[in-house]
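# Sequence first, predicted model second:
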Amino acid sequence: MDFLQSLFRLERSQKRLVSIAIDTVFLGFAFWAALLVRLDDVTVLQNTQYWLLFAATLPLTIFAFVKLGLYRAVLRYMSLQALTAILLGVITSTIFMVLVGYYSDAQLPRTVPIIYASFALVFVGGTRALLRSMIGSGVKRDGEPIIIYGAGVSGRQLLNSLVLSHEYHPYAFVDDDTSLHGTVIQGVYVHSPSIIRKLIKQKEATKVLLAIPSATRAKRKDILSRLEPLSIQVLTIPAMADLVSGTKLYSDIKEVEIDDLLGRDSVAPRQDLLTANITDKVVMVTGAGGSIGSELCRQILKKSPKKLVLFELSEYSLYAIERELTSIAQELNLDVRILPMMGSVQRENRVQTIMESFGVQTVYHAAAYKHVPLVEHNVIEGIRNNIFGTLYTARAAIAAKVETFVLISTDKAVRPTNVMGTTKRMAELVLQAFAKEEHQTRFCMVRFGNVLGSSGSVVPLFRTQIANGGPVTVTHPEITRFFMTIPEASQLVIQAGAMGKGGDVFVLDMGKSVKIVDLASKMIRLSGFEVRDDNNPEGDIAIEFSGLRPGEKLYEELLIGDDVTGTEHERIMTANELNLSWNEYSKILERLDRACHNVDHESIRDILLSTPTGFAPTDGICDLLYHQKAKVSDSNENVIKLA
């Protein structure tokens, strides 16, 4: 094996020369062995005609092997294509031998070419197959014992990628296809998933690698639900699109995507809706560096806008997304001008000037403070950014004659129990009021729930806590949330924006709500650990309940009332709701503006409660500044009394 490993370390050109030299020996042996078997006379070795015949046949045979690509095949990954090249090469060699022997009058017995072809196939092809088997059997026992789920093309490619790795030792396949059960793939048996628990115990497997990139989301969820109780780490290979594009390799295994646990297949987007407000238009995204804003930018860029204006308050976030989009544009050869603009949506003149200067036609307004506890602790800034920031951006859009304005809203705007949700509902009311006025801008808003992987999402938090050995913290045992992937949410936002007629409140179909404690349990088990609780005190990672945070509610809702209608898109609906005219709403905003300016939290709370948003707070005023002012005031009163 040391000798073989030294051969493998040679450069590719050197390996080809070695292969040609070995094949020369094999072909020579096959030729003379065929003559000796047929004639049974060693004196044939002294026959000059036969030596000339072999000398003429050999270079023609090597040339045929080269043209058939035999020396381009990597031995350790030798496939049917390489074996076909050997077969065709040997057939070609035999034909050359017959023709050269005939025209040179070499007196070649008729059965010699047949015997020669048999020997050549055994020596040239058989030795390669044997050597490949030796390589696999000699190295694949190293590393962590793992099981590959999926014995199709992807599973075999994954095995090829791992077979020489000292990190993993694939010792079994499992597959749902009963026709594969009992078969052997490169020395690895294929088993039924029903005995996977036994297979895991057999060699104390540490991981299961999913090699089913083309399976539906529902199918993957079903498989994961069967693997979850085994408390074994489950990894997966990249999606088929990444493998086909070449951006990922079969060996690029990663943790299971949480959206696989949701089990819902995304609907193919309608290209006409994706391009309607983007292609050959000037598009602006506020909050372009955020989780949703950045994904919107990626989706928009691929639809070839004329210009893409990135509006962002955070310098680093703007730098990061501008650099990423520029790289994508270069890779895809897109002629799109990307304009990174710093600024706040609370500065109306800045926003309007940018829209007018660059001729913005479509705006996706994603800039917002969205973390519930932080907005509870910073009420005035939440109101300034979410309500008045939307107001100023919308007014700037009207002044700049923007064609379409899409607000990114949230499920927390529905019967809100916190200030953040209330500010988003009041932002919606701004656009609904403007939609009734006479101007050229078409306003609409899109609501959806939590997006997987966004900043503040529980998923990356849970991953970190699991990696640190726990505990995993969940606020309440009964808390549920809706989830959607960032790319799917962004595509639906773009499509919904194209369907808006003015003042529409679009609601995305988020599927079924997910119990967060169940999600945490699944993530723990699919990471290879057991949940530690009263029923399993010897488990690895505990789940602890920290209690609901200020303004947090157990169940999220996506609709207000029951007046909901479908649209031309199966995942997008519209909610018909109570709204106010601009004349009515402007007076409320004026009062709210004064209360914020005067830092009057009691008046702010009264205004939020009196506005028709359905605000039903579960906590009192949680603003940190409010409580600090109260402490200072109480302290001053005590000092006066003592004096």
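Everything's here; your move.
# Quick check: which element contains the closest residue to Phe96 other than its chain neighbours?
Nearest residue to Phe96 in three dimensions, chain neighbours excluded: Leu60, at 4.6 Å (C-beta to C-beta, 6 or more residues apart in numbering). Placement of C-beta: from N, CA and C, glycine included. Leu60 is part of helix 48-67 when elements are defined by DSSP states H and E.
# Arg350 too?
Here Arg350 is assigned to helix 348-358, by DSSP H and E.
# which strands and helices sit next to that helix?
strand 282-286, strand 307-312, helix 389-399 (3 or more C-beta pairs under 8 Å, 6 or more residues apart in numbering; DSSP states H and E).
# still on that earlier bit, does the residue nearest to Phe96 touch Ile95 like I think?
No: assessed by C-beta atoms under 8 Å, Leu60 is found out of contact with Ile95, at 9.5 Å.
# The residue lying closest to Pro373 once chain neighbours are set aside: neighbouring residues, count only.
Closest residue in space to Pro373, ignoring its immediate chain neighbours: Arg549 at 4.6 Å, by C-beta to C-beta, 6+ apart. Other residues lying near Arg549 total 16 when counted by other C-beta atoms under 10 Å.
# ok, now how distant is Arg549 from His371?
10 Å (C-beta to C-beta, to the nearest Å).
# what's the answer for Thr422, then?
Applying C-beta to C-beta, the value for Thr422 to His371 is 14 Å.
# okay, these two: which has more neighbours?
Remark: of Thr422 and His371, Thr422 carries more neighbours, 28 against 15, as counted by other C-beta under 10 Å.
# If the spatially closest residue to Val505 that is not a sequence neighbour is in a bridge, with which residues?
Spatially, and ignoring its direct neighbours in sequence, Val505 is nearest to Ala575 (4.6 Å; C-beta to C-beta, 6+ apart). On the basis of DSSP bridges, Ala575 is bridged to Val564.
# Quick check, Ala575 in contact with Gly503.
No: in this structure, Ala575 is not within contact of Gly503 by C-beta under 8 Å, at 11.3 Å.
# could you dump the helix or strand encompassing Ile383 to CSV, C-alpha only?
Per DSSP H and E, Ile383 falls inside helix 379-383. This file holds the C-alpha atoms of helix 379-383, laid out as CSV (Å, rounded to 0.1, in the frame of the first residue of the first chain):
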residue,chain,number,x,y,z
VAL,A,379,-40.2,52.9,22.5
ILE,A,380,-39.6,56.3,21.0
GLU,A,381,-36.9,55.2,18.6
GLY,A,382,-39.1,52.3,17.5
ILE,A,383,-41.9,54.7,16.7
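# Take stretch 204-223, keep the C-alpha atoms, and write them as PDB.
Only the C-alpha atoms of stretch 204-223 are listed here, as PDB (Å, rounded to 0.1, in the frame of the first residue of the first chain):
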ATOM      1  CA  GLU A 204     -21.300   2.800  16.800                       C
ATOM      2  CA  ALA A 205     -21.900   5.100  13.900                       C
ATOM      3  CA  THR A 206     -21.500   8.800  14.700                       C
ATOM      4  CA  LYS A 207     -23.300  10.300  11.700                       C
ATOM      5  CA  VAL A 208     -25.900   9.700   9.000                       C
ATOM      6  CA  LEU A 209     -25.200  11.600   5.800                       C
ATOM      7  CA  LEU A 210     -28.200  12.300   3.600                       C
ATOM      8  CA  ALA A 211     -27.400  11.900  -0.100                       C
ATOM      9  CA  ILE A 212     -30.900  12.800  -1.400                       C
ATOM     10  CA  PRO A 213     -30.500  16.300  -2.900                       C
ATOM     11  CA  SER A 214     -33.400  16.000  -5.300                       C
ATOM     12  CA  ALA A 215     -35.900  14.700  -2.800                       C
ATOM     13  CA  THR A 216     -38.900  16.800  -2.000                       C
ATOM     14  CA  ARG A 217     -39.100  18.800   1.200                       C
ATOM     15  CA  ALA A 218     -41.900  16.500   2.400                       C
ATOM     16  CA  LYS A 219     -39.800  13.400   1.700                       C
ATOM     17  CA  ARG A 220     -36.800  14.800   3.600                       C
ATOM     18  CA  LYS A 221     -39.100  15.700   6.500                       C
ATOM     19  CA  ASP A 222     -40.400  12.200   6.600                       C
ATOM     20  CA  ILE A 223     -36.800  10.800   6.600                       C
END
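# mind listing what's buried in it?
Using 16 or more other C-beta atoms under 10 Å as the test for burial, stretch 204-223 gives 205-213, 215, 217, 220-221, 223.
# same thing with stretch 530-548?
Per 16+ other C-beta under 10 Å, stretch 530-548 contains these buried residues: 530-532, 539-543.
# do the same with stretch 505-520
505-510, 513-514, 516-517, 519-520.
# Which of the residues you listed fall within strands?
505-508, 514 (DSSP state E).
# List just the nearest of those to Val190.
Within those, the smallest distance to Val190 is 33.6 Å, found for Val514 (C-beta to C-beta).
# could you list every residue that touches the closest one?
262, 480-483 (C-beta atoms under 8 Å, 6 or more residues apart in numbering).
# Please tabulate these in JSON lines and include neighbour count as additional columns.
Listed next are the contacts of Val514 as JSON lines, based on neighbours: other C-beta atoms under 10 Å:
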{"residue": "Leu262", "neighbour count": "21"}
{"residue": "Thr480", "neighbour count": "16"}
{"residue": "Arg481", "neighbour count": "18"}
{"residue": "Phe482", "neighbour count": "21"}
{"residue": "Phe483", "neighbour count": "25"}
